[in-house]
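below is the sequence, then the predicted model.
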There are 2 protein chains.
Amino acid sequence: MSHIMEHWLEKRAHLSPHDTAIETVTGEVWTFRQLRDAACDLAKRVASIGPKETSHIGILSNNSVDMILHFFACTYLQCPAVFFNTRLSIAELKQQCDIADVEMLLTADQYHTIGKELADEKNLPHYTFREVKQCQPLSISVATDIDLDVVCSMMFTSGTTGIPKAVMHTFNNHWSSAISSALHLGLYSSDKWLACLPLFHIGGLSIVIKSVIYGMPIYLLETFDEKQVHDAIMYQQVTMISVVAVTCQRLLHVLGDQRYPDTFRCMLLGGGPAPKSLLEQAREKEVPIVQTYGMTETCSQIATLSASDALRKLGSAGKALFPASLQIWQDEKQQSTGQIGEIVVRGPMVTKGYYQRPDANQSVFQNGWLYTGDVGYVDDEGFLYVVDRRSDLIISGGENIYPAEVEDVLLQLSAINEAGVVGIKNQTWGEVPIAFVVLSETIDQETILSHCKKNLASFKVPKQIHFVDDLPRNATNKLQRHRLKEWGTKHQA
Amino acid sequence: MSHIMEHWLEKRAHLSPHDTAIETVTGEVWTFRQLRDAACDLAKRVASIGPKETSHIGILSNNSVDMILHFFACTYLQCPAVFFNTRLSIAELKQQCDIADVEMLLTADQYHTIGKELADEKNLPHYTFREVKQCQPLSISVATDIDLDVVCSMMFTSGTTGIPKAVMHTFNNHWSSAISSALHLGLYSSDKWLACLPLFHIGGLSIVIKSVIYGMPIYLLETFDEKQVHDAIMYQQVTMISVVAVTCQRLLHVLGDQRYPDTFRCMLLGGGPAPKSLLEQAREKEVPIVQTYGMTETCSQIATLSASDALRKLGSAGKALFPASLQIWQDEKQQSTGQIGEIVVRGPMVTKGYYQRPDANQSVFQNGWLYTGDVGYVDDEGFLYVVDRRSDLIISGGENIYPAEVEDVLLQLSAINEAGVVGIKNQTWGEVPIAFVVLSETIDQETILSHCKKNLASFKVPKQIHFVDDLPRNATNKLQRHRLKEWGTKHQA
């Protein structure tokens, strides 16, 4: 079985050169040929900076056409693109550069200063998108084929240890994700997908990949702005959009008593559990919510509910997409209908692993199945219900927060002896993190918060700090997160 | 990159158990779950006949639900299904059994006698579909996964030597073909594909595979009947159909001054060149003709014209499907725009080769590209025009006839010293074969024809036999087919 394919953007530019690839809110329009030409040109300019083949190139940017072009430039150079969350602190970015062996940094112009600081410390070449455009292009031949087995992109996730892991997405993962999604949602010539999720998250990047594979225009927003998104759905012939619970909620609020046009056929709702009240509200407003379950490791969706089952199976994330598979396991036994256990998945969209983390890979992969750490069950018709994301994960406005990561930062302060972080419910964000700390010497809340703000993305900074005498631990001294959760719930009132 | 996937019919029956898989003209309806249950049951019955894993199972049948069920039964047993053209002579069938190492034969009830004769001679187990149903099922576990690299089906093609070759279709070939077609034609929830092409040809079987992968109903006809097909398009909500030039012509005739419903969105026209007059006629009648180019070796379509380009690029077969590639080569040089040469293709739907024919494989594959032997060019926008199928190929009503195969049969008669077969134009069938023979002793036309009828499918039997003193040969005594073509043209008048 050959793993070689014509480069997707080459192929698409050949098939539908004059079709629209990207529209922006300012009325900018890019055709596939323009996208291809500009990406190839950029690749030759980036090449002049001197990356080796397969060098890892970091990209720090919010959504923009430039960001998309630089991503494709990386693919033309056969260099994996390493995506950074723009909300991360400089300390977090430094750590991720190390973890993913980033050898070059490309940033949006607005991240000039942060990029420079990062690059100086790590002794990396750093160029802003504007500076890349000023580089002299090398007269090289860019890759016109891709190898499906090669890593296309990397994105970070964390876990129980708090140390981020770089999830590798091969071209085959992206290809399979786009195909599986199309087999589920259909492919209509009128489709236009609104991209307002950050492209540095898989839910965003996957829309860009779909655009090129399907030959479908995307309507690109720099960030989620409920008014802009609402207008795009109402008046710009958008047919599909990816949202998370908090953005969905805001859209429904703006929608009020209006109804979306009939041509709007899919609001793909992912990024964590959705409150039932939200789904009911959507049903009342006849919004075509399609609930989905996925994660960075599955290169976006792996299970999705059909619109036709949305009412009948409210709250379900559907079934594993064609051709993926899903099972529930507990204590090394596959669970039967209705029994709760760990969600275990398999499919060509599932990552081949974390970059240079054989330990982590060994613990999450077994016989080609990924153990997600998430908890759920399937009902008698095979529909998945996600009961809980991996027990320690806090999801705040669609962003994942790993308590261990926040705890690590707290423990950097010598005055803090022990730290436990937990999520509490929040009406706007779903959850927010709060911290419980045991002190060895006096320190005030402000000092702690200012240290956190310096070292953590703002969404990860604890919204409350509680000083306690002890943390709940079991006999082997392991932090009892479920008991910490109970403490958190108490403090919610 | 893992090559393991959940068995498609398992997966589909799980995803959309109650959706329609097959409708027949008699009103029979099969859901995907029914199809899956019946195919699994059959697999256990076939297993009782004792095939080994990976035994090659021959299937001789016209289109029927039973034929589809037996095909899927083979996949559940991980045995490649070898498809025979029901129009072949017993001699041809015997030869193909040998070539493909067939170890068991399953036939439609109507082919009981021919199957028995074949099986006796080859010492193979032979069961009709009715007999299989009477076998006691073995209590085995059928395959719930498939390996994409494994051979799923085999179909025959011939070539310059006249000896048929078994083209191997892996699961990945079928998967990629279905995906590429969907990326080109779209995937609509209202789709229903009419299958009237023989399922023992790739153009027919590919519809069955698409049905399961897309979750799309097919409307199955035993054979092409213009009135039935017309009615299905007009009144049965059929949205897609695959045709060849001759059947297309007949449909347009039945259509008369009527128009197909707007929901009918694609008449996929393949199986050889289409006369321009036919395309013009279709345009006048607003029939959504989508011209396509493909062959057994490419597991059906590899290039297809967009409906939107149909008028602008009349006569073109479009561009290579996403993610396939296509080039024109001549004398070991890639040809540029407008230059005629051999059509060379690459893509995941292209066969990995002919079964046990390393010689043939070596001559048609180079660096992962398949040299089709067909002749064409691409215009300045990249659209393919097929000028001529491999020079010696005769296409008659969508069936391929290889002159060498017919010549071999003629030469079996000791009275015939030399034979040359060529196609002449025919209004109904596109082309029909005629023969030129040089005799060593007297023999009459009837004896020759009766020998041909015994050894060849009727569509391959020469429609004229011309006795000549010599055949046109070059200095090295090689038959000059182009000059024979000129002779043929003369005899057409």
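Perfect, I can see it now.

what segments of the stretch 1-150 of chain A are helices?
Along the stretch 1-150 of chain A, counting by DSSP state H, counting those that start in this stretch, helices occupy A:8-15, A:32-49, A:65-76, A:90-99, A:112-122, A:129-134.

so what touches the fifth one?
For helix A:112-122, contacts defined as C-beta atoms under 8 Å, 6 or more residues apart in numbering or on different chains pick out A:60, A:90, A:93-94, A:97-98, A:102, A:105, A:107, A:124-126, A:128. In short, each C-beta sits where N, CA and C put it, glycine included.

got a markdown table for the residues you listed, with neighbour count and distance to chain B too?
Below are those laid out as a markdown table (neighbours: other C-beta atoms under 10 Å in any protein chain shown; distance: C-beta to the nearest C-beta, whole Å):
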| residue | neighbour count | distance to chain B |
| --- | --- | --- |
| A:L60 | 25 | 30 |
| A:I90 | 14 | 37 |
| A:L93 | 25 | 31 |
| A:K94 | 15 | 33 |
| A:C97 | 22 | 28 |
| A:D98 | 11 | 28 |
| A:V102 | 24 | 25 |
| A:L105 | 25 | 29 |
| A:T107 | 28 | 32 |
| A:L124 | 16 | 31 |
| A:P125 | 13 | 32 |
| A:H126 | 22 | 33 |
| A:T128 | 21 | 33 |
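
what is the nearest of these to A:V151?
A:V102 (13.2 Å; C-beta to C-beta).

how many other residues sit next to the nearest residue to the closest one once chain neighbours are set aside?
Excluding its sequence neighbours, the residue lying closest to A:V102 (C-beta to C-beta, 6 or more residues apart in numbering or on different chains) is A:G58, at 4.1 Å. By the criterion of other C-beta atoms under 10 Å in any protein chain shown, A:G58 has 27 neighbours.

just checking, A:G58 touches A:P80?
No - with contacts counted by C-beta atoms under 8 Å, A:G58 stays clear of A:P80, the gap being 10.0 Å.

can you map out the strands along the stretch 51-200 of chain A?
Per DSSP state E, counting those that start in this stretch, the stretch 51-200 of chain A carries strands over the ranges A:56-60, A:81-84, A:102-107, A:126-128, A:145-147, A:151-157, A:165-170, A:193-195.

which of these sits closest to B:T337?
strand A:145-147 (21.2 Å).

what comes up buried for the closest one?
Neighbour counts using 16 or more other C-beta atoms under 10 Å in any protein chain shown place A:146-147 of strand A:145-147 among the buried residues.

before we move on, back to that, so which of the helices of the stretch 1-150 of chain A is nearest B:E332?
helix A:8-15 (23.6 Å).

hmm, back to that, need the strands of the stretch 51-200 of chain A in a markdown table with mean pLDDT, can you?
Shown next, in a markdown table, are those (pLDDT from 0 to 100):
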| stretch | mean pLDDT |
| --- | --- |
| strand A:56-60 | 98 |
| strand A:81-84 | 98 |
| strand A:102-107 | 98 |
| strand A:126-128 | 97 |
| strand A:145-147 | 96 |
| strand A:151-157 | 96 |
| strand A:165-170 | 97 |
| strand A:193-195 | 98 |
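
just to be sure, A:L413 is in a strand?
No - per DSSP: H, G, I helix; E, B strand; the rest coil, A:L413 lies outside any strand segment and is coil.

how many neighbours does it have?
With other C-beta under 10 Å as criterion, A:L413 counts 18.

next: A:T239.
Around A:T239 there are 21 residues (other C-beta under 10 Å).

A:Q237 touches A:L194, doesn't it?
No - under the criterion of C-beta under 8 Å, A:Q237 makes no contact with A:L194, lying 10.3 Å away.

got the residues of chain A near chain B?
Chain A comes close to chain B at residues A:1-6, A:8, A:11-12, A:14-15, A:148-149, A:170, A:172, A:179, A:182-183, A:186-189, A:213-215, A:319, A:322-325, A:346-348, A:352, A:368, A:382, as judged by C-beta under 8 Å from any C-beta of the partner chain.

which ones are touching the residue nearest to A:V102?
By C-beta under 8 Å, 6+ apart, the neighbours of A:G58 are A:81-82, A:84, A:97, A:100, A:102, A:104-106, A:124.

that older thread, can you say which two of the contacts of helix A:112-122 are spatially most distant?
A:D98 and A:T128 (21.8 Å).

beta partners for the residue nearest to A:V102?
A:V82, A:L105 (DSSP bridges).

residues contacting the closest residue to A:F83 other than its chain neighbours?
Using C-beta to C-beta, 6+ apart and skipping residues adjacent in sequence, the residue nearest A:F83 is A:F200, 4.0 Å away. Neighbouring residues of A:F200 by C-beta under 8 Å, 6+ apart: A:59, A:61, A:83-86, A:155.

reformat those residues as CSV; add distance to A:I241 and neighbour count.
What follows is the contacts of A:F200, written out as CSV (distance: C-beta to C-beta, whole Å; neighbours: other C-beta atoms under 10 Å in any protein chain shown):
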residue, distance to A:I241, neighbour count
A:I59, 23, 23
A:S61, 21, 26
A:F83, 21, 26
A:F84, 24, 26
A:N85, 21, 19
A:T86, 21, 19
A:M155, 21, 25
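
now those residues as JSON lines including distance to A:P433?
Below are the contacts of A:F200 laid out as JSON lines (distance: C-beta to C-beta, whole Å):
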{"residue": "A:I59", "distance to A:P433": "27"}
{"residue": "A:S61", "distance to A:P433": "26"}
{"residue": "A:F83", "distance to A:P433": "23"}
{"residue": "A:F84", "distance to A:P433": "21"}
{"residue": "A:N85", "distance to A:P433": "16"}
{"residue": "A:T86", "distance to A:P433": "19"}
{"residue": "A:M155", "distance to A:P433": "21"}
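
ok, these vs chain B, which is closest?
A:M155 (19.3 Å; C-beta to the nearest C-beta).

so the closest one touches A:H169, yeah?
Yes - using C-beta under 8 Å, A:M155 is in contact with A:H169, at 7.1 Å.

okay, and the common contacts of those two?
Joint contacts of A:M155 and A:H169 (C-beta under 8 Å, 6+ apart) are A:I202.

which phi and psi does the spatially most central residue of chain A have?
By C-alpha atoms, centre = their mean, chain A has its centre lying nearest to A:H201, at 2.8 Å. Dihedral pair for A:H201: phi -100, psi 160, per degrees, to the nearest 10.

residues contacting it?
Taking C-beta under 8 Å, 6+ apart as the test, what A:H201 contacts is A:83, A:85, A:155, A:296, A:398.

swap in A:H451?
By C-beta under 8 Å, 6+ apart, the neighbours of A:H451 are A:409-410, A:412-413.

try 6 Å this time
By C-beta atoms under 6 Å, 6 or more residues apart in numbering or on different chains, the residues touching A:H451 are A:L413.

lowest-scoring secondary structure element of chain A by mean pLDDT?
Using mean pLDDT, DSSP states H and E, helix A:481-492 stands out as the lowest-scoring helix or strand of chain A, at a mean of 81.

ends of stretch A:158-170, what's the gap?
19 Å (C-alpha to C-alpha, to the nearest Å).

I should have written stretch A:282-302 there, sorry.
23 Å.

quick check: buried residues in it?
Applying 16+ other C-beta under 10 Å to stretch A:282-302 flags A:282, A:285, A:287-302 as buried.

among those, which are in strands?
A:289-295, A:300-302 (DSSP state E).

could I get those residues as CSV with pLDDT?
Output for those, formatted as CSV (pLDDT from 0 to 100):
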residue, pLDDT
A:I289, 94
A:V290, 95
A:Q291, 95
A:T292, 96
A:Y293, 95
A:G294, 95
A:M295, 94
A:S300, 96
A:Q301, 97
A:I302, 98
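
among the residues you listed, which two are most distant?
A:I289 and A:M295 (19.5 Å).

give me the mean pLDDT for stretch A:15-32.
On average, the pLDDT along stretch A:15-32 is 96.
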